[in-house]
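**Student:** sequence first, then the predicted structure, then my questions.
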Amino acid sequence: MEFAVDLHIHTALSPCGDEDMTPNNIVNMALLKGLDLIAVTDHNCCANLEAVIDAGRNQGLMVIPGIEVQSKEEVHLVCLFKKLETACEFGKLIYDSLPNIPNNEELFGRQLIISAEDEVIGKVEKLLLSSSSYTINEIFKMVKDREGLCIPAHVDRQGYSIISNLGFIPGDLGVKVVEVSKKTAPEVVLSKMPYLKGYKHVVSSDAHYLWDINEREHFVDMEYISAGKLLEALQK
């Protein structure tokens with residue numbers, strides 16, 4: 001069966017994310033747009049994962065735990081996991097590896113921790129838009145060791161992508177799937193970047209605002225909805 005997905009959504013924890021990106025707002029917008037499954041992938045931190053997963057469970061929407069890591073090479077990687085606990089364990093390692101640079105709220109925006117009831121319960125003080133001290137190779141290994149999936153993010157963009165920063169996809173990473181931005185049709189991207197044709201691709205929104213969340217246009221074929229089946233389908 002095909003299920004409509006968006007595997008790259010930010011909450012108000014990400015400083016570049018709109019403060020309307022609360023757990024229930026995200027879940028309700030995803031349902032309004034007809035999505036079956038979403039992944040929450042804040043920058044370098046997992047502090048809002050549990051709240052969005054709980055909000056999704058209450059509304060009947062599957063939410064996959066994830067995180068968007070900025071590697072030492074300034075490459076963005078979407079990391080998805082089967083279990084919340086595993087994602088949070090990995091997320092703590094990433095967060096602890098960030099430099100101790102305080103967030104400038106006037107410049108970047110607040111980094112809000114929000115409950116499943118959409119109440120602001122705290123803030124992350126360390127800037128989440130920094131690079132981790134872990135390399136791409138180290139991140140891929142850390143994710144694989146935790147039975148997760150690491151996806152090079154927005155490979156068609158000029159900034160923070162594995163192609164723009166490295167110029168190629170290293171063969172030893174074992175990349176199975178890459179993410180293409182929804183603003184450009186996948187066939188256009190593949191025509192301009194033919195070396196991507198050997199990889200499966202997903203089209204995600206990288207939503208920082210509610211209206212950016214995917215419409216019911218991009219699908220993954222799985223037996224049934226679960227985090228395990230999603231990762232299995234993406235790696236076939």
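**Tutor:** Structure's in. What do you need? Residues are numbered from 1 along each chain as shown.

**Student:** hey, where'd the strands end up in the protein?
**Tutor:** 2-9, 37-40, 62-70, 76-80, 112-114, 120-123, 149-152, 177-181, 200-204, 219-221 (DSSP state E).

**Student:** contacts for the fifth one?
**Tutor:** Meaning strand 112-114. Strand 112-114 has contacts (Cβ atoms under 8 Å, 6 or more residues apart in numbering) with 11-13, 19, 22-23, 47-48, 51, 120-124. (Each C-beta comes from the backbone N, C-alpha and C, glycine too.)

**Student:** ok, now the second one?
**Tutor:** The contact list for strand 37-40, computed with Cβ under 8 Å, 6+ apart, reads 3-11, 26-27, 30, 48-49, 52-53, 56, 61-66, 78, 80, 213, 220, 225, 230.

**Student:** ditto for the first one
**Tutor:** Outside strand 2-9, the residues within contact range by Cβ under 8 Å, 6+ apart are 21, 26, 30, 34-41, 64, 66, 68, 78, 80, 151, 153, 179, 202, 204-207, 213-214, 216-222, 225, 230.

**Student:** now that strand and strand 76-80, what's the angle there?
**Tutor:** Put simply, strand 2-9 runs at 130 degrees to strand 76-80, going by axes from the mean of the first three to the mean of the last three Cα atoms, to 10 degrees.

**Student:** off-centre distance for strand 2-9?
**Tutor:** On the basis of Cα atoms, centre = their mean, to the nearest Å, strand 2-9 sits 11 Å off its chain's mean C-alpha point.

**Student:** hey, which helix or strand in the protein has the poorest pLDDT?
**Tutor:** Across the helices and strands of the chain, mean pLDDT, DSSP states H and E gives its lowest value to helix 186-192, namely a mean of 78.

**Student:** quick one: that one to chain centroid distance?
**Tutor:** Put simply, helix 186-192 sits 22 Å off its chain's centre (Cα atoms, centre = their mean).

**Student:** packing partners of it?
**Tutor:** Helix 186-192 sits against strand 177-181, strand 200-204, with contacts defined as 3 or more Cβ pairs under 8 Å, 6 or more residues apart in numbering; DSSP states H and E.

**Student:** between the ones you listed, which one is closest to residue 116.
**Tutor:** Nearest to residue 116, of all these, is strand 200-204, at 23.3 Å by Cβ to Cβ.
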